Each structure stands twice: as structure tokens, then as C-alpha cells.
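[1] Sequence and predicted structure, then a few things I'm wondering about:
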Amino acid sequence: MKNIFRFALLFVFVVLLAVSADAKQYRVAVIADSERDDFVYLIDAVNGELTKIFSEKDIVLLEKTNAALRPFEDESAIQALIYKALRNEKYDAVLTLGPVSSHLCASMRIFRKPVIAAHIVNGHIQGIAKSGNSSGVKNLSYIDFGVDFLHQIEAFRRVKEFDTLHLIMSPNYLRAVPHLAEYLKSEADKQKTEIIIAETGKGLDEMKRLLVKAKAAMIVPIFGRPFDYQKEIIELLNELKVPSMAMLGRIPVENGVFCSLTPDIDNQKLARRIAINLNRIFAGDDAGSFNTDFTMPERLAFNMETAEKIGVFPTWSQMTDAILFYGNSKGNNKQMDIGTVIETALTKNLRLIAKNREKEKQRQKTIEAKSAYDPVLQISLNQLNIDKDRADSILTPAQHSAKLGADLLYVIHSEKANANIDIQRLFESVKSEEERALMLDIIKEALMAYVNVSKSHAMVNIQKDNLEVTRVNLEMAKLREKVGTSGPGEVYRWEIQMAGARQAVIGAQAVLKKAVMALNEVLQNSQEEEFDLDNFDLSKDSFYLNYVQMEPYIDNLRGYKIFKDFMVADTFEFSPEIRQIDGGIAAAERLLKSEKKRGKDPTVALQLNFTRTFKEWGTGDEKFVPPPFNSVFKIPDKNDSYIGLNVSLPVFEGRARTASIKQVNAEVLRLKAERDYLKDRLELNTRVALEDAKASFASINLANSRAEYAEKMLALVQNAYSRGAVSVLDLIDAQNAFLVAKEAAADAVFSFVKDFVYVCRAVGSYDIMLDEKSNAEWFKRLRIYYADKSEKPNNRKRD
């Protein structure tokens, strides 16, 4: 047993020794222009890619030299480090990062060991050796971004015309590529454009002096300078209202540069290329045979906040195909969710304001009717003038007299007043239902406008996605042409598709703008009011349409039949139109009741009067009764008063009463007939709206399935096209099918929401869509209704 154990230990030791003997370690010297964050990230990314490529027993060490620890003022120090790394036997390869280090390395004649120059801006302009698709120089591998300065200047001029361009560049780069400035000036002169070099590193005041008369500026990546310095340069250009273009990357555009044509360097992709090249180098391949091309696709990007500052704007066509950054300016747009839209529409709608005034008027009529039971007090002032001969009589007042009097009338009971009060109250409820009906219409308009904006925004995004797919296919066609597997015809075909896709985006944006204008009209806003369109999303919690919960009641024959009856019953219960006519019927019936009681129910009122003669003058102003009559007759005092109870009852009015009763009765019958007709119409509206909702609901799943398979088909055809297995027409057909399917999938959701808005308006309540608590109560009532009908919803899993 001991011998077996010893043999096993010996076997394991031998295996471990063999494995350790096969293990290899490679060292790579890394020399960078400066200790930039993106260089640090790139090194980390290369390490990550190396772990995927190399086996666990092989180790590749990326060792940063001291050149990467600080920005260098003198490129000669970088060059010295490159020579040192090439002569140092501990390094198996050299990797340079940054345009200065990469140019200095790639410009050498002889390479004692493999090198990778990872940041060549434009190998042709920089005079770097090239043979076919590789350097053709033993041990020299470089990665060429192929940035075309002159093409960028031409693209810049299409955005903003200029004849003088300030090129903001690092002095290190100018010294490293001494012929670059003269080459650019010479080539730009052919385009009738003067190039002025503005070297960085100077103070802000000096840079301002250089740029104060600039008409346009192009910013070459300012390596070796703090980010704050670069930001100050950008802010200076914007302060001077100088249009600027970043030569490389979109991050400068996000930070305030007006535009750029090329994207940021894909460091992950670049790291993968470096790792693959290192793997090939350590496998024994000559670095001079590696592909150098790393051309990046071109696409304009604009900072719209900067455009506002400098007063220069791209055309609609340029904006359609560009990436737009809005900075803080987009945050100034209104934040509008569905609740805010409805609240604003109801608050500012002029028709509703007028209806509120009409409702207030009716309320005052009710108060006026109630005032029939309020005491009525009248004060009177009278002057009486009579003939002089009559004034001599003791039984008459003086020739001239003035009286002050007061009358009080208090109605105790009046059937006519009671009927008027009841009728005016009913009319007040009718006005409230008219107001509710108008509010429902306004909410419907607001919801439809909101949904139209959401749909139009979604369609713009779909068209932009289609533009991106077309762009990818165009790049694929260019690559196929470049490698010789297709001709220029395919590229032209995709250029045609690109133009069509851009037109489609512009058309979709126009539809979106009109939808926003329509929403502004509903909200009583300025027609040019802008909104944060990212907030217009039907998938948010502002809508409580639970498709899964509704499916058992809509997506099958049995459940749908009962569901329609339930919704019709809700229509009869909640419809403001029915409640309005019910109020009219109740008012007419109350009037009929009053007419029938008119000859039986008396009006009872209490009446009081007090009058005082406060002044008399002229003949007879001093009355007296001579004796012996003064013992029998008394001269009345100056006060007169009486109190009485007035009971009145119309006993006979001829045929007027009978005619009035028949007239009111006929009105009651007419209104009841109108109500029956209205119920039929409302039931029809509800059922028709439900049919539309059912159809759009059923199409949601089908449209989503169609879009899913269209996307898979497009991926298959794209892959086949990249291998040359299918024609360009096959790919165009697949892409068009995917576009139509995506539009149909989006349209299905929006159509269902719009159709259900019509359903809710027909029923007379939107609570099931907009209020979570009401939505829960609605589903509870729906389940009870099914139980009462001895039916159960067909709960089946949706495909």
C-alpha cells in the first residue's frame, strides 16, 4: 500500500513538472503618450482579452514603462524609451499607445523585435510603410484608424461654410509628424480653405487671442493635457461663437464641441485586435504581415445646446442621420405624464370654462327658486296732493302730505314654488351631467392626443432603428466591395436605401411634430411648446390596462359575449347622456304633478303693512272736530297698519289647466321615447367600440410574433449576405419585412389603447384605465357579474 502511495506522489510530481516546463511567460513593454484614463482602460481590456485567448499555462505580462507615468513635454523622451525597450532582452514585444508614441515607433526603419503601434491616425498622411493590407516591414504591425482630415473638413463645410479653419493640435504631435502641417495646408488649399495651426499648451488668454477671429475650428485630440484644459478650450470656442468639430470621437461633442464625424475609438474592439496580434506574434507569425486597417464608420454628431449658443444649426437632412446631444437644454422641456396631460386639459379648456359658467348660472336659478319662501320687504315713500276744497274735510288728509310705509310678504306654502325649486334642482343635476359629458370628451381628446404623440414617437424610433440597420448593411456592402466579393452596384443600392431611410425618418418626425401641435391645442398651449418625449410611454404605470388580466374576458367567444353585456350594463349606469335625459324626465314629471295639484293645493301667504304720515302742509294740515262732535268723532293718528293671511286657490281656469296637463304629459312621453332611442344608440356605440378593441387586442400577440420572426429572419439573411450566399435584394426584402412587422407590432398596442379609450367614453368612465383602485374594483364587479351569469372566464395561457 505504501509503495502504491509513493508511486502516485511521484506521478503527480512528474506531471506538474512537465506542465511547468511547458508553461511560457511573455513580456510586452507598453509605452504611452501619457497616463490617460482611456489608455489605462485599454491596457486592462487587452489583459482581459489575453486571458480568453491564451491557455492558463501561458502568461502575457503588459509592463508599463515610466513613459506612461507622466505626460511628456518632449517627444524625444518617448523615442528614447522605444529604443530602450527594443534593445532590452527581457521584452518579447513592444506596444505603443497614443498617436505620438505610435507614430514615432512606426516611423522607424528596422525593428529588432515585434512592435504594435496601436494609434496611427492616418498611415498614408503620416508616411507609414504599407504593402497591400499590411506594413510589409518585418516585425512592424500598426493599427490605422484611417482618419481622413480633408474629408472631415469637407463634411464640416457642408454644415457651416468657411474659408479659414483653425486646427487646434498638440505641439508634440506636430513635432512628431513634422510634415503633417504643411501637407494639410497644401491639400486644404486645393479646396480653397486656409489652414491655421493653433498649438495647445498656451494660456487661455493667448488661445483667445489666436481664436478670436476664427471662422471655424477643428480639435485634434489634445493628448497629455488635463481634461479641465480641454474643457476650457471648448468653452472658449463656444463663447467666441466659433463652430467646432472634433476630429476623433463623440465624447468631445457631449462635452460641448459642436460636431464630429467619427465615433469614439471602440477600445474593446481595439483591445481584441491587439490581443489577437500578440497571440499571432507569440505563435511565430511575422507582425509585418498583419492587417493594419481599423477604419471607423462615419456619422455626424451634433451638440444642440452648443448650436443654440453659437447660433449655427445643421439642416434637417443632417439632423436626421446624426446623433444628437442636447445637454441640459432638453431637460428644460416639459415633463408630461398622462395624469398631467388630463389635468391640464381639464383646467385650461375654454369649452369647459364656459360650461362651468353655465352650471353656475343654473345654480343661481335654483337659489332664485328657493327665494320664493324668503320674506319680501318693500319700503315706500309717497307724496299725496289733493284739491284744496277736499282738504278742508276732516275725513281727508291735508292738501299736501308725505308718507313712509313698509310691506312684508311671507309665503308659507306654494305648490308652484315647490315645483319650481324641485325642477331647478333637477336642471342643476342635468347641467352637472352635461359638464361631465364634456369632461369625458375632453379627456378622450387628451388621451387620443397623448397616444398619438406616443405612437408617433415610437414610429420615429422605429424609422431611426431601420436607418441604423441600413447603415450596417451599407458598411457590409462596402466591406464586400473592398475585399472583392461584390461590385460598386451593391454599395449604390444601399446608398439608395439610406436616402430612403432618411426620408422616412424626416417624414416620421413631421408626423410627430404635428401630433405634438395637436396635443398643444388640446392643452391650450403655444403651438411650439416642446415636451420631454421620453416621458410619453404607454408601458409606464399611468395606464392600468392589464392585458393578461383582460384576456379571459376578451380573447374568447364565451367570455367576450358576457363581457359585452357587462359593458353595456355599465353604459346604462354611468352614461352622462342617459342621466341628462333622466333629469329632464324627472323635471317634466314634477311639473306634471304640480299642474295636477294646481286646483287643489292653495297658496298661503302672510302679509303685513305699516304706513306713517310724517309730514302735512297746506290746507287742512291742522285738523280738529268742533264740539259737541269731538266727543263722538276722533281725528285719526298718523300711523296706519294691518296684518293679513292670504289663501288663494284657482277654482276655475277654463280649458287652460287641462291643456297644460296634456302638454306636460306629452313632453314626459316624448322624453321617455328619446331615452329609449338614446339607450339603443349608446348600446350600439359600446358594442361597436368593443368590436374594434377585440380586433386590436387579438392582433397584439400576432403582430409581436410576426416582428419576432421577422427579426430572426433578418439576422439570418444578413449573415448569409455577409458570406455572399444571398443577393442584395434578398436582404432588402428581409429588412423591409422587419420594418413593416415592427411598425405593425407598435401599431397594434396603440390601436388597442385608442379603441379602449372609445370604449371608456361610450361607457362614461375612464377609471378602469387611469385609476388603480377603480381598476381593481372594476375587475371585482366583472368577476361577480360572471358569477351571476353562472359563467367562468376562459382562463387559458396566452401564446
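    Here it is on my side, so go on.
[2] Show me where the stretch 301-450 of the chain has its helices.
    Secondary structure of the stretch 301-450 of the chain, counting by DSSP state H, counting those that start in this stretch: helices at 304-310, 316-321, 338-348, 350-370, 388-391, 415-483.
[3] What residues of stretch 415-434 count as buried?
    Across stretch 415-434, burial judged by 16 or more other C-beta atoms under 10 Å covers 415, 417-434. Any C-beta I mention is one placed from the backbone N, CA and C, and that applies to glycine too.
[4] and Gly127, what does it touch?
    Gly127 is in contact with 107, 179, counting by C-beta atoms under 8 Å, 6 or more residues apart in numbering.
[5] Let me see the residues that make contact with stretch 768-784.
    For stretch 768-784, contacts defined as C-beta under 8 Å, 6+ apart pick out 338-339, 342, 447, 542-546, 549, 553, 563, 566, 756-757, 760, 765, 767, 793.
[6] Selection in ChimeraX covering whichever of those are buried, please.
    In ChimeraX syntax, the buried subset of the contacts of stretch 768-784 is picked out as below (16+ other C-beta under 10 Å):
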select :338,342,447,542,543,544,545,553,563,566,756,757,760,765,767,793
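[7] which ones among the contacts of stretch 768-784 are found in helices?
    Judged by DSSP state H, helices contain the following of the contacts of stretch 768-784: 338-339, 342, 447, 549, 553, 563, 566, 756-757, 760, 767.
[8] Just the closest of those residues to Ser135, please.
    Ile338 (60.9 Å; C-beta to C-beta).
[9] Distance of that closest one relative to Phe574?
    21 Å (C-beta to C-beta, to the nearest Å).
[10] hang on, the earlier thing: how about JSON lines for the ones in helices among the contacts of stretch 768-784, with distance to Ser727 and pLDDT added?
    Shown next, in JSON lines, are the ones in helices among the contacts of stretch 768-784 (distance: C-beta to C-beta, whole Å; pLDDT from 0 to 100):
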{"residue": "Ile338", "distance to Ser727": "47", "pLDDT": "79"}
{"residue": "Gly339", "distance to Ser727": "52", "pLDDT": "79"}
{"residue": "Ile342", "distance to Ser727": "52", "pLDDT": "86"}
{"residue": "Leu447", "distance to Ser727": "46", "pLDDT": "89"}
{"residue": "Gln549", "distance to Ser727": "47", "pLDDT": "78"}
{"residue": "Tyr553", "distance to Ser727": "48", "pLDDT": "79"}
{"residue": "Phe563", "distance to Ser727": "50", "pLDDT": "88"}
{"residue": "Phe566", "distance to Ser727": "55", "pLDDT": "90"}
{"residue": "Phe756", "distance to Ser727": "44", "pLDDT": "88"}
{"residue": "Val757", "distance to Ser727": "45", "pLDDT": "90"}
{"residue": "Cys760", "distance to Ser727": "50", "pLDDT": "90"}
{"residue": "Asp767", "distance to Ser727": "56", "pLDDT": "79"}
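[11] okay if I get those as TSV plus distance to Leu210?
    Converted to TSV, the ones in helices among the contacts of stretch 768-784 look like this (distance: C-beta to C-beta, whole Å):
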residue	distance to Leu210
Ile338	53
Gly339	54
Ile342	56
Leu447	57
Gln549	67
Tyr553	73
Phe563	75
Phe566	77
Phe756	64
Val757	61
Cys760	65
Asp767	66
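[12] so where's this structure shaky on pLDDT?
    Residue ranges of the chain with pLDDT under 70: 1-23, 36-37, 55-58, 65-74, 222-226, 327-334, 389-396, 534-543, 620-636, 790-799.
[13] rewinding a little: wait, which of the helices of the stretch 301-450 of the chain is closest to Arg579?
    Closest to Arg579 of those is helix 415-483 (C-beta to C-beta; 4.4 Å).
[14] Tell me which other helices or strands the closest one touches.
    helix 338-348, helix 350-370, helix 488-522, helix 576-597, helix 656-722, helix 728-763 (3 or more C-beta pairs under 8 Å, 6 or more residues apart in numbering; DSSP states H and E).
[15] Apply 6 Å and report the result again.
    Applying 3 or more C-beta pairs under 6 Å, 6 or more residues apart in numbering; DSSP states H and E, we find helix 415-483 packed against helix 338-348, helix 350-370, helix 488-522, helix 576-597, helix 728-763.
[16] roughly how far out does it sit from the chain middle?
    Taking C-alpha atoms, centre = their mean, to the nearest Å, one finds the center of helix 415-483 at 13 Å from the center of the full chain.
[17] between it and helix 656-722, how many degrees?
    10 degrees (axes from the mean of the first three to the mean of the last three C-alpha atoms, to 10 degrees).
[18] hmm, back to that, mind putting the helices of the stretch 301-450 of the chain into a markdown table with distance to Gly123?
    As requested, these are exported to a markdown table (distance: least, C-beta to C-beta, whole Å):
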| stretch | distance to Gly123 |
| --- | --- |
| helix 304-310 | 32 |
| helix 316-321 | 28 |
| helix 338-348 | 56 |
| helix 350-370 | 68 |
| helix 388-391 | 132 |
| helix 415-483 | 16 |
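[19] Nearest to Glu529, out of the ones you listed?
    helix 338-348 (10.8 Å).
[20] mind listing what's buried in the closest one?
    By neighbour count on 16+ other C-beta under 10 Å, the buried set for helix 338-348 is 338, 341-342, 344-345.
[21] Check stretch 157-170 too.
    For stretch 157-170, a neighbour-count test (16+ other C-beta under 10 Å) marks 157, 159-160, 162, 165-170 as buried.
[22] Now, these that are in strands?
    Among the buried residues of stretch 157-170, the ones falling in strands (DSSP state E) are 165-169.
[23] Relative to Leu261, which of these is nearest.
    Using C-beta to C-beta, Leu165 comes nearest to Leu261 of these, at 14.0 Å.
[24] Please name the nearest non-neighbouring residue to the spatially most central residue of the chain.
    What sits nearest the mean C-alpha location of the chain, by C-alpha atoms, centre = their mean, is Leu533, with 1.7 Å. Leaving out its chain neighbours, the residue that sits closest to Leu533 by C-beta to C-beta, 6 or more residues apart in numbering is His457, at 4.8 Å.
[25] From Val516, how far off is that neighbour?
    Noted for His457: a distance of 9 Å to Val516, by C-beta to C-beta.
[26] repeat for Ala85
    With distances defined as C-beta to C-beta, the gap from Ala85 to Val516 amounts to 60 Å.
[27] How about Asn646: what's its closest non-neighbour residue?
    With C-beta to C-beta, 6+ apart as the criterion, Asn646 has its nearest non-adjacent residue at 4.5 Å, and that residue is Ala605.
[28] Can you report phi and psi for the one you found?
    phi -140, psi 150 (degrees, to the nearest 10).
[29] Quickly list what it is bridged to.
    For Ala605, the beta-bridge partners under DSSP bridges are Val411, Asn646.
[30] Wait, it touches Val411, no?
    Yes: assessed by C-beta atoms under 6 Å, Ala605 is found in contact with Val411 at 4.6 Å.
[31] tell me the SS of the nearest residue to Phe282 once chain neighbours are set aside?
    Distances taken as C-beta to C-beta, 6+ apart put Tyr26 closest to Phe282, at 5.4 Å, once the chain neighbours are dropped. Three-state assignment for Tyr26 (DSSP: H, G, I helix; E, B strand; the rest coil): strand.
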